[in-house]
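>>> Would you be able to build a 3D model of this:
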Amino acid sequence: GEIQTFVTVPPGLSGEDWRSIPAGLCVPLAAQGRSDGWMIIQTCHKKSFQPGETAMLRTFANQAALAIQRMGLVEQLQAKIAALETAQAELVVKERLERELQLAHEVQQSFLPKEFPAVPWLELAALNFPARQVGGDFYDAIWLDDDHIGLVMADVSDKGMPAALYMAL
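The predicted structure follows:
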């Protein structure tokens, strides 16, 4: 964009006000190949702007455009920092939840027997892999008397923490 002399009434003025302003310019706010609008300059003290004044106004407009662009970059950076802080907070919560779930998994696994009673006519073994970190599975083998052993296998029909808590009850 080139500097333009007003040929019509500039923004914010009525036709009557326009007659009292003998000189006005529109200077593009452009920097780094990007235009961010126009700087409108009006004067009541002279009929035109000198070339040195026009060059100074262009320099001022370029500096203003750079400041506007930098402000936009600062705002974008602040928005990205806020998004990162939110993501960081969510990550901390997620990591805490994962640690708590790992602890719940260890507690639940501690409820399950590591060894079964020795039964001469039967070999007992079990392996537990919950679909999630915790689940509603439970098993055990218990001597009922000298001749009878009871096998317990249970599965709450859900997954995750609610099933694990219900099974613990």
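
>>> for this protein, what spans make up the helices?
Assigned by DSSP state H, the chain shows helices spanning 15-19, 51-111, 160-168.

>>> Now render those helices as JSON lines, adding distance to residue 141 and mean pLDDT.
(C-beta placed from N, C-alpha, C; glycine too.) Converted to JSON lines, these look like this (distance: least, CB to CB, whole Å; pLDDT from 0 to 100):
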{"stretch": "helix 15-19", "distance to residue 141": "98", "mean pLDDT": "61"}
{"stretch": "helix 51-111", "distance to residue 141": "14", "mean pLDDT": "89"}
{"stretch": "helix 160-168", "distance to residue 141": "17", "mean pLDDT": "75"}
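
>>> among those helices, which is nearest residue 143?
helix 51-111 (18.7 Å; CB to CB).

>>> tell me which strands and helices the closest one is in contact with?
strand 23-31, strand 34-43, helix 160-168 (3 or more CB pairs under 8 Å, 6 or more residues apart in numbering; DSSP states H and E).

>>> Kindly recompute the last result at 10 Å.
If contacts are counted by 3 or more CB pairs under 10 Å, 6 or more residues apart in numbering; DSSP states H and E, helix 51-111 sits against strand 23-31, strand 34-43, strand 135-143, helix 160-168.

>>> Of these, which stretch is the most buried?
Burial of the helices and strands packed on helix 51-111 is given as mean neighbour count (mean count of other CB atoms under 10 Å); strand 23-31 ranks first at a mean of 19.

>>> List the pairing partners of that strand within its sheet, with orientation.
strand 4-5 (antiparallel), strand 34-43 (antiparallel) (DSSP bridges).

>>> mean pLDDT for these: which is lowest?
Least confident of those, judged by mean pLDDT, is strand 4-5 with a mean of 66.

>>> Which stretch among the helices of the chain approaches residue 146 most closely?
helix 51-111 (26.3 Å).

>>> For stretch 93-101, list every residue counted as buried.
residue 101 (16 or more other CB atoms under 10 Å).
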